[in-house]
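Visitor: generate coordinates for the sequence data below:
(2 chains)
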Number of protein chains: 2
Amino acid sequence: MALIVQKYGGSSVADAERIRNVARRIAATYDGGNQVVVVVSAMGKTTDGLIEMASQLNDNPREREMDLLLSTGEVVSSALVTMALHAMGYDAIGLTGWQAGIRTDALHRRARIVDIDPSRIQDELKQNRIVIVAGFQGMTDEQDITTLGRGASDTTAVAMAAALKAQCQIYTDVPGIFTTDPRVEPRARKLNEISYDEMLELASLGAKVMHNRSVELGAIYEVPITVASSFSDEPGTLIHGSVAMEVRNKVRGIAHDTNVAKITVVGVPDRPGIASSIFAPLAEAGLSVDTIVQNTGIEHRTDLTFTVARTDLAKAMAVIRPIAQAIDARDCVSADHLAKVSIVGTGIQNAPGYAARMFETLSKNNINIDMITTSEIRITCVIEADQVQKAVRALHEAFELEKPEE
Amino acid sequence: MALIVQKYGGSSVADAERIRNVARRIAATYDGGNQVVVVVSAMGKTTDGLIEMASQLNDNPREREMDLLLSTGEVVSSALVTMALHAMGYDAIGLTGWQAGIRTDALHRRARIVDIDPSRIQDELKQNRIVIVAGFQGMTDEQDITTLGRGASDTTAVAMAAALKAQCQIYTDVPGIFTTDPRVEPRARKLNEISYDEMLELASLGAKVMHNRSVELGAIYEVPITVASSFSDEPGTLIHGSVAMEVRNKVRGIAHDTNVAKITVVGVPDRPGIASSIFAPLAEAGLSVDTIVQNTGIEHRTDLTFTVARTDLAKAMAVIRPIAQAIDARDCVSADHLAKVSIVGTGIQNAPGYAARMFETLSKNNINIDMITTSEIRITCVIEADQVQKAVRALHEAFELEKPEE
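Guide: Now for the predicted structure:
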């Protein structure tokens, strides 16, 4: 008998028929002799609807009350999925996040789970009940309701699996993790398994299947996570730490992100503390900076280039312009309509052949590389956004990703 | 500085514009130098929508999960009203029923409040905050969410006023309590004040302005309750214990109820225990019986007649038929399309002139009286349903209810 935590996303519980489908899948898992805890998201566009209602009353609603409001969506789902199981003759119980023992810090709308007290859930499991938990939410020590950030029902599920020492199954509207986005490259192939690190790189580079914090949590607590479709019985992708040796040292996937802009501060005086005086105010403004390149220049001046999300460009320029003036830089320029394309795979950064083949492939396809950045398991090139599709498809072919795993 | 508990019903918070209107009223009360606690219902038809969703998944959903589901409607309202107050520059905080300290028994969907721990609310009031509480709900000792029954946000408000030793103001979509239903008698007049007992009789006889349990609670804890419209600034009706002497011993209102049927068990053997053998099974089936009349008959047999809600008639007949056979009654017949019309006023039952004038008025209007029943402060006649309007208008005129109070 295994203990399994399943998570069903908003599109999987969007209406009564889909809720019944989810209940059938839960029941089948229970009938397979398992103990089952289920984490559910709000139905379909419920959260968007609640945000819209709030915006009609307050341009800038307080985060505490937004959490009180938004948390209701997942509670509705947990009650309805539980009722569907009852109708099928299964004993089940619906719980809010706080009833399920999820305790968080008080950072409303982006709270972090600080502790899970699983005693209520364990009591219910002992009575052979299926437990349906409202995802995305918890409670502070002051008994205020918090939410964990957009898409964080994944985090609830992985944290719950860690607390219960259970397996975790994330059911969503795609059949698993692919070598690249199938809308860009139809020959994209579903991976049978992937490491936490590789998954994190893919997710942070635009593969929106799973919430990044949930993968991090899975890595820390070594929770094996299966990502699969709630609409089919295909096996999905296993995210875990012990990826077989034969699939290491290979490119595992191609990620891309078209929400990229770059800012160059031109002619920065080359003296200590300059980088900090530029990046500290950006961090304070809540702006993520990425891919920083510093070119050594002439006359003790350098050009400092970095990328930001294109959607943050205006805000970032407003922060940077006065700083550039204050530090006596020559100019401050920006370019949007950029994109990142990345190859991801454990070990590839230390194997020089991969970088060379990536650059050669892009070059052969007349794609200019604007910036290059690497991590332990990833090589990323910044290119023109309108060349992304060509780049992804060329790299997918160059690294033979359409070929099945051993 | 007074401490005031206000309650706004579902139609008063049905959309953003109405929520803003409610927020302005709350703010005006606060600006008047008062401490304000507000209890809100779910927006408009929210509860009906949630019940409909549940019915798509389960014909007979468990009450615990219905409570989990339905309680979300009032939480949404409390968050939104709070946000509207924030937008107007007022400090306010939204609380669920359990956060507000409302503890109930475990009778889901009709839970009773067993205790209110007002410490959180008192803390918030000390910080000069307006407190917005989700009505209709509480929590059991086992931390399960309960609801208090349809329309029970009134009960939340009165119980909260009792716990805080506050005044209670119920804002609804009518301007107060009327001498009779203004849709039946356009000359119906709004009462300035009414006693708890009179209000209870009016409410139980079809005046749907306030939830009966809330009036009972008000009577027990001597909470003065004002009922007024949330759409106007008219003063409303004060429900309290100390109605002025000069308005006692008067007919205060005419109530009517058209949801009435009667059942007659014919030729019941006249022996001890018979009444109990008929009424105990009805009570067990959850059926309320009212207006019981027993006619002494011939041959040691009697006819036993009682009324039930017309909507319960089929269920009641299914219970009664086998019992009638078992106790050797001659027959069991029913009549629907009946109605009750009542005159209500403290002291009138002991003043014979009122009953006489009521019967005379009905007789003059060719209205046949089928059954008569009286309470301490009420005289009720069962008549044909299609004669209700005529009866109400004739009695309203006979007792001069259109004339203003002193």
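
Visitor: got the contact list for A:A385?
Guide: Contacts here follow C-beta atoms under 8 Å, 6 or more residues apart in numbering or on different chains; on that basis A:A385 touches A:T258, A:V260, A:H337, A:L338, A:A339. From N, CA and C alone the C-beta is placed, and that goes for glycine too.

Visitor: what is the neighbour count of the spatially closest residue to A:R252 that is not a sequence neighbour?
Guide: Counting by C-beta to C-beta, 6 or more residues apart in numbering or on different chains, the nearest residue to A:R252 once its immediate chain neighbours are dropped is A:G345, at 4.3 Å. By other C-beta atoms under 10 Å in any protein chain shown, the residues close to A:G345 number 25.

Visitor: follow-up on the earlier one: which one of the contacts of A:A385 has the most neighbours?
Guide: Taking other C-beta under 10 Å to define a neighbour, the member of those with the most is A:V260, carrying 26 neighbours.

Visitor: now intersect the contacts of A:A385 with the strands, please.
Guide: Using DSSP state E, the subset of these located in strands is A:T258, A:V260, A:H337, A:L338, A:A339.

Visitor: how far does stretch A:41-60 sit from its chain's centre?
Guide: Centroid separation for stretch A:41-60 versus its chain: 21 Å, with C-alpha atoms, centre = their mean, to the nearest Å.

Visitor: for that stretch, buried residues please.
Guide: A:S41, A:A42, A:M43, A:G44, A:T46, A:T47, A:L50, A:M53, A:A54, A:L57, A:N58 (16 or more other C-beta atoms under 10 Å in any protein chain shown).

Visitor: what's the spacing between the nearest residue to the fourth one once chain neighbours are set aside and A:D48?
Guide: This points to A:G44. Using C-beta to C-beta, 6+ apart and skipping the chain neighbours, the partner closest in space to A:G44 is A:A14 (3.6 Å). If you measure A:A14 against A:D48 using C-beta to C-beta, to the nearest Å, the figure is 12 Å.

Visitor: now the residue nearest to A:R252: how far from chain B?
Guide: Between A:G345 and chain B the computed distance is 44 Å (C-beta to the nearest C-beta, to the nearest Å).

Visitor: and A:M53, by the same measure?
Guide: 6 Å.

Visitor: do A:N192 as well
Guide: Computed with C-beta to the nearest C-beta, the distance linking A:N192 and chain B is 35 Å.

Visitor: burial count for the residue in the stretch 251-400 of chain A that chain B sits nearest to?
Guide: For the stretch 251-400 of chain A, the residue closest to chain B is A:G286, as judged by C-beta to the nearest C-beta, at 21.5 Å. For A:G286, the tally of surrounding residues (other C-beta under 10 Å) stands at 8.

Visitor: for it, which three-state class applies?
Guide: Taken by DSSP: H, G, I helix; E, B strand; the rest coil, the conformation at A:G286 corresponds to coil.

Visitor: cool, and A:I292?
Guide: With three-state DSSP as the criterion, A:I292 was assigned strand.

Visitor: how about the nearest residue to it, chain neighbours excluded?
Guide: Distances taken as C-beta to C-beta, 6+ apart put A:F306 closest to A:I292, at 4.4 Å, once the chain neighbours are dropped.

Visitor: for that neighbour, list each beta-bridge partner.
Guide: Each beta-bridge partner of A:F306 is listed here: A:I263, as defined by DSSP bridges.

Visitor: hmm, back to that, any chance of the buried residues of stretch A:41-60 in TSV, plus pLDDT?
Guide: As requested, these are arranged in TSV below (pLDDT from 0 to 100):
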residue	pLDDT
A:S41	96
A:A42	96
A:M43	96
A:G44	91
A:T46	93
A:T47	92
A:L50	96
A:M53	95
A:A54	96
A:L57	97
A:N58	96
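
Visitor: A:S342 is in contact with A:R252, isn't it?
Guide: No: taking C-beta atoms under 8 Å as the contact criterion, A:S342 and A:R252 are not neighbours in contact, 11.1 Å apart.

Visitor: other residues contacting the helix or strand of chain A with the lowest mean pLDDT?
Guide: Across the helices and strands of chain A, mean confidence by mean pLDDT, DSSP states H and E is lowest for strand A:290-296: a mean of 76. Taking contacts as C-beta under 8 Å, 6+ apart, the residues outside strand A:290-296 that touch it are A:262, A:275, A:279, A:302-308, A:340, A:371, A:373, A:380, A:382.

Visitor: neighbour-wise, give me the winner out of those residues.
Guide: Among these, A:T307 has more neighbours than the rest - 27 neighbours, counting by other C-beta under 10 Å.

Visitor: once you drop chain neighbours, what's closest to it?
Guide: Take A:T307 and drop its neighbours on the chain: the residue closest to it by C-beta to C-beta, 6+ apart is A:T291, 4.4 Å away.

Visitor: so what's the residue count around the one you found?
Guide: A:T291: 19 surrounding residues under other C-beta under 10 Å.

Visitor: same question, A:Y171
Guide: The tally of other residues near A:Y171 (other C-beta under 10 Å) stands at 22.

Visitor: with the one 4 residues further on instead?
Guide: Neighbour count of A:P175, defined by other C-beta under 10 Å: 20.

Visitor: state the phi and psi torsions of it.
Guide: phi -80, psi 0 (degrees, to the nearest 10).

Visitor: if I pick it, what's in contact with it?
Guide: For A:P175, counting by C-beta under 8 Å, 6+ apart, the contacting residues are A:K190, A:A228, A:S229, A:S232, A:E234, A:G236.

Visitor: quick one: contacts for the fourth one?
Guide: If you count contacts by C-beta under 8 Å, 6+ apart, A:S232 has them with A:P175.

Visitor: do you know the pLDDT at A:R378?
Guide: On pLDDT, A:R378 comes in at 86.

Visitor: in this structure it contacts A:K340, no?
Guide: No: look at A:R378 against A:K340 with C-beta under 8 Å: they stay out of range, at 10.1 Å.

Visitor: is A:P235 part of a helix or strand, or is it coil?
Guide: A:P235 - assigned by three-state DSSP - is coil.

Visitor: please name the nearest non-neighbouring residue to it.
Guide: Counting by C-beta to C-beta, 6+ apart, A:A228 is the residue found nearest to A:P235 once chain neighbours are left out, at 6.7 Å.

Visitor: in its sheet, what does the strand or helix carrying that neighbour sit against?
Guide: A:A228 is located in strand A:225-229, with elements delineated by DSSP states H and E. Strands flanking strand A:225-229 in the sheet, each with its direction: strand A:167-172 (parallel), strand A:237-240 (antiparallel) (DSSP bridges).
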